[in-house]
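S.K.: generate coordinates for the sequence data below:
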Amino acid sequence: MKVVIVGGVAGGATAAARIRRLDEQAEIVVFERSGYISYANCGLPYYIGDVITDPEALTLQTPESFFSRFRVRMKVRHEVTAVHPERKTVTVKELETGRVFEEEYDKLLLSPGAKPVRPDLPGIESGRVFTLRTVEDTFRIREFIRENKPRSAVMAGGGFIGLETAENLRELGLDVTIVQRPKQLMNPFDRDMASLIHAQMRNHGVRLALGYGVEGFEEKDGGIDVLLGGHAPIRADMVILAIGVRPESALAEKAGLKLGVKGSILVNDRMETSVPDIYAVGDAVQVIHSVTGEETVIPLAGPANKQGRIAADNICGRDSRYPGSQGSSVIKVFDMTAAATGINETHARRAGLDADSVVLSPMDHAGYYPGGKLMTVKVVFEKGSYRLLGAQIVGYGGVDKRIDVLSAAIYGGLKATQLKELDLAYAPPYSSAKDPVNMAGFMIENIAEGLLKQWHLRDLEKLPMDGSATLLDVRTAGEYRRGHAAGFVNIPVDELRERLDEIPEGRPVYVICQSGLRSYIACRILEGNGFEAYNFSGGFRFYDAVLHDRALTEAAYDCGMDRPRDEA
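M.R.: You can find the predicted model right below:
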């Protein structure tokens, strides 16, 4: 059996190694357009920022090392330009010499990845405008920084690559502005949770111009102007485009393979395309979202590696199936960590699901053990069934641990109420006896049993301010003086029983505290005394962070100076 693989990196290289482990006699050839067959593309921003200093550390395998161990012929700088299913060959161009030849196959695996979105904008061909996808892209950016010593940069796009690159450029001392058409960074997060990421970026000197689209570039006076709609240009020394990626599916389309959403390659759960003996994996393929059942594209390294293994199994006569992608992800944001799995509340509602959520702010480990820090956890579930839909966590220590627990719970089909039952490891330096995941389960169980009724930020504008309800802040008087939500009166929770006569009977009570715990206790006191009480999900700390971020987002950035949009 002869297997030809188009593309290395995650899916292709993984498949090649797996095929060899399953079939010692197979002939395996990999054609890779770039000069690198297996590299750590997720580490590229950290090479730009000198966190990773050795370029060879980015190269996981070389053609020589791969052949030595697996006897796989790795042909770098070879571009497959056409697939001919009718005669089972591919046309290959050797990029260094221009030589063109055909290669036969018995089984073909396409792992072409995705390409950066590079819109047809005026000035986009400027030598000061870069994309970041390959090792070569990284070297070009690093060389530009070394030779030109830029003082400022604009990141167009606020996803994973955008944030990681912005952080690394900032660590090099550059002034950095992120321009993003949506009014938030990091679409896997709900906007309220993204507010915490925004604050972290701003605290480290990164300017955010959210809600603006890039309309072009203009080189002048030794720099480049980034042209924005409805705003004065932003001046910088360099621009990096990170506004998304598209499936690299032109080769498949030309060969007559069926395409799916967003121009992706259509595959079944065995990673088989619509044409016999041709498989496809990685960022270029359509997958099923395992939470919603939607057809989608999720360009992440973990799914690509799994798909490569599954395709290899099936090529070698086994029967492996891909269950779908859940979209679990994590990102370092300076000294903070943000992670998500499943779908967020916004996505759930857009998908027609009757979703609810809990927001809590526990410590990452026992409060009495030194060094504990807060994390903010949002767990999304379906009303009625209490099916877990997704989770988002922003914090410092232990964020990755909790998101992985929640990811496994979603995959395993646990109900949100069952989170309370998970037997999780505890020692004071690492957790609390009631782990944050357990705490989320306790809260959701209270909702299921009618012990907790919530109100959310989305309800803020609908709160009755005409006296038909009581708005109650149960923090201490000092906390209340330092800041409170408009219209809320203060009765500390420890004084509530003695001051119940100050709360009019027969009216609902909307309660808030700093994190949601004291307000829950207050709600139980009120309910026990005949009142109808609603607890604010997330607490005043969350409320204040989100509203503060919304106010800042409405400011535009022009050469480092804030000004209202209506003056732009």
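S.K.: list the buried ones in stretch 197-216?
M.R.: 197-201, 204, 206-215 (16 or more other C-beta atoms under 10 Å). To be clear about C-beta, it is placed using only N, CA and C from the backbone, and glycine gets the same treatment.
S.K.: got the end-to-end distance for that stretch?
M.R.: Taking C-alpha to C-alpha, to the nearest Å, stretch 197-216 runs 27 Å from one end to the other.
S.K.: same check, this time on stretch 317-324
M.R.: One end of stretch 317-324 sits 21 Å from the other (C-alpha to C-alpha).
S.K.: low-confidence stretches in the chain?
M.R.: Across the chain, the ranges flagged by pLDDT under 70 are 38-41, 57-60, 556-568.
S.K.: what's the local residue count around V6?
M.R.: 28 (other C-beta atoms under 10 Å).
S.K.: how much space between it and K75?
M.R.: 11 Å (C-beta to C-beta, to the nearest Å).
S.K.: what do those two both touch?
M.R.: Counting by C-beta atoms under 8 Å, 6 or more residues apart in numbering, the shared contacts of V6 and K75 are 30-31.
S.K.: ok, now which ones touch the closest residue to A338 other than its chain neighbours?
M.R.: Nearest non-adjacent residue to A338, counting by C-beta to C-beta, 6 or more residues apart in numbering: V394, 4.7 Å away. Shown in contact with V394 (C-beta under 8 Å, 6+ apart): 189, 193, 196-197, 336-339, 375-376.
S.K.: mind redoing it with 7 Å?
M.R.: 193, 196-197, 336, 338, 375-376 (C-beta atoms under 7 Å, 6 or more residues apart in numbering).
S.K.: ok, of these, which come out buried?
M.R.: Listed as buried from these are 193, 196-197, 336, 338, 375-376; burial here means 16+ other C-beta under 10 Å.
S.K.: select from those every entry located in strands.
M.R.: Among those, the residues falling in strands (DSSP state E) are 336, 338, 376.
S.K.: turn the residues you listed into CSV, columns for distance to R128.
M.R.: CSV is the format used below for those (distance: C-beta to C-beta, whole Å):
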residue, distance to R128
M336, 30
A338, 30
T376, 38
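S.K.: in stretch 113-121, what's buried?
M.R.: Buried residues in stretch 113-121, defined by neighbour count with 16+ other C-beta under 10 Å: 113-116, 121.
S.K.: pick out whichever of these sits closest to D106.
M.R.: Closest approach between the buried residues of stretch 113-121 and D106, by C-beta to C-beta: G113, at 23.5 Å.
S.K.: quick one, what contacts the closest one?
M.R.: Counting by C-beta under 7 Å, 6+ apart, G113 touches 7, 9, 248, 282-284.
S.K.: let's see that with 8 Å instead.
M.R.: 7, 9, 11, 248, 282-284, 299.
S.K.: most neighbours out of those, which is it?
M.R.: Ranking these using other C-beta under 10 Å puts G11 first, with 34 neighbours.
S.K.: follow-up on the earlier one: which among the contacts of V394 gets closest to P150?
M.R.: When the contacts of V394 are compared for distance to P150 (C-beta to C-beta), I197 wins out at 24.8 Å.
S.K.: against Y396, how distant is that closest one?
M.R.: 13 Å.
S.K.: try I141
M.R.: Separation of I141 from Y396 (C-beta to C-beta) stands at 29 Å.
S.K.: re earlier: closest one of the contacts of V394 to L241?
M.R.: I197 (20.4 Å).
S.K.: you'd agree the closest one is up against F189?
M.R.: Yes - using C-beta atoms under 8 Å, I197 is in contact with F189, at 6.9 Å.
S.K.: now do the shared contacts for those two.
M.R.: Common contacts of I197 and F189 (C-beta under 8 Å, 6+ apart): 338, 394.
S.K.: so which elements touch the helix or strand hosting I5?
M.R.: Assessed by DSSP states H and E, I5 sits inside strand 2-6. Under the contact criterion of 3 or more C-beta pairs under 8 Å, 6 or more residues apart in numbering; DSSP states H and E, strand 2-6 touches helix 11-22, strand 27-32, strand 100-104, strand 107-110.
S.K.: which other residues reach that strand?
M.R.: With contact meaning C-beta under 8 Å, 6+ apart, strand 2-6 is reached by 12, 15-16, 19, 26-31, 80, 90, 103-112, 251, 315.
S.K.: same check on stretch 437-445?
M.R.: 358, 360, 362, 377, 379, 381, 386, 391, 402, 405-406, 409, 416-422, 424, 434, 452.
S.K.: may I see the buried residues of that stretch?
M.R.: 437-441, 443-445.
S.K.: next one: stretch 389-409
M.R.: 389-395, 397-399, 401-403, 405-407, 409.
S.K.: would you mind measuring the gap between the ends of that stretch?
M.R.: Its first and final residues considered, stretch 389-409 spans 10 Å by C-alpha to C-alpha.
S.K.: cool, and stretch 96-116?
M.R.: In stretch 96-116, first residue to last residue: 24 Å (C-alpha to C-alpha).
S.K.: list the buried residues for it?
M.R.: Buried-residue list, stretch 96-116, by 16+ other C-beta under 10 Å: 103, 105, 107-116.
S.K.: switch those residues over to TSV; also include distance to G230.
M.R.: Output for these, formatted as TSV (distance: C-beta to C-beta, whole Å):
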residue	distance to G230
E103	52
Y105	52
K107	52
L108	48
L109	46
L110	42
S111	41
P112	37
G113	35
A114	30
K115	29
P116	25
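S.K.: tell me which two of those sit farthest apart.
M.R.: Of all pairs drawn from these, the widest gap by C-beta to C-beta lies between K107 and P116 and measures 29.7 Å.
S.K.: among the buried ones among the contacts of V394, which one sits closest to V275?
M.R.: A338 (40.2 Å).
S.K.: does the closest one touch I403 like I think?
M.R.: No - taking C-beta under 8 Å as the definition, A338 is not a contact partner of I403, at 9.3 Å.
S.K.: ok so, going back, inside helices: which ones of the buried residues of stretch 197-216?
M.R.: Using DSSP state H to define helices, the subset of the buried residues of stretch 197-216 located there is 197-201.
S.K.: ok, those vs L174, which is closest?
M.R.: Nearest to L174 out of these is M201 (C-beta to C-beta; 13.9 Å).
S.K.: what's the closest non-adjacent residue to the closest one?
M.R.: Excluding the flanking residues, the one nearest M201 by C-beta to C-beta, 6+ apart is L208, at 6.2 Å.
S.K.: got it, and L353?
M.R.: E382 (5.7 Å).
S.K.: so the one you found sits against L389, correct?
M.R.: Yes - contact criterion C-beta under 8 Å: E382 and L389 qualify, at 5.9 Å.
S.K.: overlap of the contact sets of those two?
M.R.: Common neighbours of E382 and L389, using C-beta under 8 Å, 6+ apart, are 348, 353, 355.
S.K.: confirm the first one sits in a helix?
M.R.: Yes - under DSSP: H, G, I helix; E, B strand; the rest coil, A348 falls within a helix.
S.K.: start the count at 848 instead of 1 going forward.
M.R.: Will do, 848 is the new start, and the previous item becomes A1195.
S.K.: residues in contact with it?
M.R.: By C-beta under 8 Å, 6+ apart, A1195 lies in contact with 1202, 1227, 1229, 1236-1237.
S.K.: tell me the one of those residues nearest L891?
M.R.: Closest to L891, out of all of these and judged by C-beta to C-beta, is G1237, at 27.6 Å.
S.K.: A helix includes that closest one, no?
M.R.: No - checked against three-state DSSP, G1237 lies outside a helix; its state is strand.
S.K.: how near is the closest residue to it other than its chain neighbours to F1036?
M.R.: Among residues not flanking G1237 along the chain, G1189 sits closest, at 2.9 Å (C-beta to C-beta, 6+ apart). For G1189, the distance to F1036 equals 12 Å [C-beta to C-beta].
S.K.: neighbour count winner among those two?
M.R.: G1189 (28 against 25).
S.K.: from memory the more buried one sits against A1256, does it?
M.R.: No - applying C-beta under 8 Å, one finds G1189 not in contact with A1256, separated by 9.7 Å.
S.K.: how many residues are close by V1114?
M.R.: V1114, neighbours per other C-beta under 10 Å, totals 25.
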